[in-house]
Each structure stands twice: as structure tokens, then as C-alpha cells.
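1. missing the sequence, but the structure's below:
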Ligand code: SAH
């Protein structure tokens, strides 16, 4: 899978993709991330990519020309199945959307800044508008990193234990059960007996019960759908 991220601050995205699981995905050739500096597509030699809002008011608006030029250049090179815009007024990102996006081959993620992008960018190019939650950040870079992380860890071969992503929260509509590792007892707190029993069916049943109980108390909304 190839993910192209369009941003005016690519430095913000360098670190998340240079470590751990995301780095491994790149090294294994399962996913490749390409960062594009929108200023390289600026409308003039001053590197301008934003301008005052028509109608007045505080805050700059990202112009359509640099974004359109970058997207069209990429589209001329390969076919993109999705062009995402990170925005607080988008649909809230969730595991289901991460699952669907992980099946695509090439996607573009556009990061906004300032007041956001000219509305016509959204009309002309964007296929998914995604929010990571009801709060406003200063740029789309961290949201883009979150979406890319959620997608990439689902790609076959990225996680060491193939089943690991499937037993995470939300995959089966439930939160994940509690997990423990050594020591079996810490300051009097014991790991539940069943987990030490080696009895696989009992362990599975316990995990399911715990997941269900946890979902009922913490996220009853997940059980309604
Ligand atoms: N004026 C806009 C906010 C702009 S914030 C509004 O009120 O809706 C600047 C940029 O940060 C946005 O263009 C978007 O790319 C990103 N951003 C901020 N909060 C976000 C969120 N919750 N989810 C996704 N992207 C977000």
C-alpha cells in the first residue's frame, strides 16, 4: 500500500514513520509513505500557499492551486482509490473505516493548516473527510499520522503475530479484555487463575466474558448497533 501525505509541515510527520511498527512496514515493503511539501507547488517564488479569507475574518486559508497541482501530479502517476482530508467537521474516524481503507492500494491524505483549505478543494478532490475527534488541532499532520498508523498496522505482515490486530478493541465490536504478564503476583495483586491454567477454551471464554463486561460498563453504545 502507498500513502501520499500532502502537508506544509512534512517535518512533523517524519518521526512517526521512522520508528517501531510503521518503520517495519516500510522496511518490509508492505507500506510506503511519501511526504509532499505543498510549498513546492506554491503559486509564486515566495512559496505562497495560503491567503486571506474572502469575506474577511481572522485566519488564513490554504489555496486551491498548490493542492490541486500536487494531487494532479500524483494522479498522473498512478490511480488513487481515496483522497482523504483531515478536518474536524469530517466523519469521526473509527476501526471500521480503518479496516476499509486498509484494503486500498494508493491513498492520498491532505493535511490542513490555519483555517483549513478552500472549500473547492473538498468539492473537487476529496473522497473522505475524516475527523479524529471533537476538538481542534493546529494542523492535519497528527491526525494523518493517526489514520496512517491505524491502517498500516492492519496490513498483512506488519504485526508480528498475525492474529494480534484481530483481538484488539473494536474489531469484534467489543473492547479488549485485560492483559497481564510476569510476575504472576505483584504486591499481592494476582493474575487471574484461569490465565495460568493453560486451558485454552477456558481462557478464551474468560476473555470473552471480560471483553463483554468491560464493553457493557465502559462503552454500552458499542453493543447497541
Ligand atoms: N477552521 C477549522 C479548523 C482548522 S484547524 C474548523 O473550525 O473546522 C487546521 C487543520 O487542522 C484542519 O484543516 C485539519 O486538517 C486539522 N485538524 C484540526 N483538528 C482536527 C480534527 N479533530 N480531526 C482532523 N483534522 C483536524
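-> Structure received. These numbers come from a predicted model, not from an experiment.
2. can you tell me the helix or strand for residue 5?
-> strand 2-7 (DSSP states H and E).
3. Ok, residue 223 next?
-> helix 221-224.
4. ok, now residue 213?
-> Per DSSP H and E: helix 200-218 holds residue 213.
5. Using the centroid of the chain, identify the residue furthest from it.
-> Going by CA atoms, centre = their mean, the residue of the chain most distant from its centre is residue 188, 39.2 Å out.
6. Check what contacts the helix or strand bottoming out on mean pLDDT in the chain and list those residues.
-> In the chain, the helix or strand scored least confidently by mean pLDDT, DSSP states H and E is helix 20-27, which has a mean of 91. With CB atoms under 8 Å, 6 or more residues apart in numbering as the test, helix 20-27 has contacts from 16-17, 31-33, 148-149, 152-153, 155, 157-159. All C-beta atoms are positioned from the backbone trio N, CA, C, and that covers glycine.
7. go on, stretch 75-89?
-> So stretch 75-89 is contacted by 2, 4, 71, 74, 101, 104-112, 116-117, 121-122, 125-132, 134-137, 140, 143-144, 147 (CB under 8 Å, 6+ apart).
8. ok, now with 6 Å
-> 104, 106-111, 125-131, 136, 140, 143-144 (CB atoms under 6 Å, 6 or more residues apart in numbering).
9. List the residues that contact residue 2.
-> 32, 106 are the contacts of residue 2 under CB under 6 Å, 6+ apart.
10. The chain: strands as residue ranges?
-> Secondary structure of the chain (DSSP state E): strands at 2-7, 32-37, 50-52, 60-62, 82-92, 106-110, 128-131, 185-186, 189-190.
11. could you check the angle strand 106-110 makes with the fifth one?
-> The one in question is strand 82-92. 50 degrees (axes from the mean of the first three to the mean of the last three CA atoms, to 10 degrees).
12. sorry, back to before: just send the contacts of helix 20-27 back as JSON lines, with pLDDT too.
-> What follows is these, written out as JSON lines (pLDDT from 0 to 100):
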{"residue": "16", "pLDDT": "92"}
{"residue": "17", "pLDDT": "91"}
{"residue": "31", "pLDDT": "97"}
{"residue": "32", "pLDDT": "96"}
{"residue": "33", "pLDDT": "96"}
{"residue": "148", "pLDDT": "97"}
{"residue": "149", "pLDDT": "96"}
{"residue": "152", "pLDDT": "96"}
{"residue": "153", "pLDDT": "94"}
{"residue": "155", "pLDDT": "95"}
{"residue": "157", "pLDDT": "89"}
{"residue": "158", "pLDDT": "90"}
{"residue": "159", "pLDDT": "88"}
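13. between those, which is closest to the ligand?
-> Distance to the ligand across these (CB to the nearest ligand atom) is lowest for residue 148, with 12.8 Å.
14. tell me, how many neighbours does that closest one end up with?
-> 25 (other CB atoms under 10 Å).
15. related to what we said a few turns ago, which secondary structure elements does the helix holding residue 213 sit against?
-> helix 193-196 (3 or more CB pairs under 6 Å, 6 or more residues apart in numbering; DSSP states H and E).
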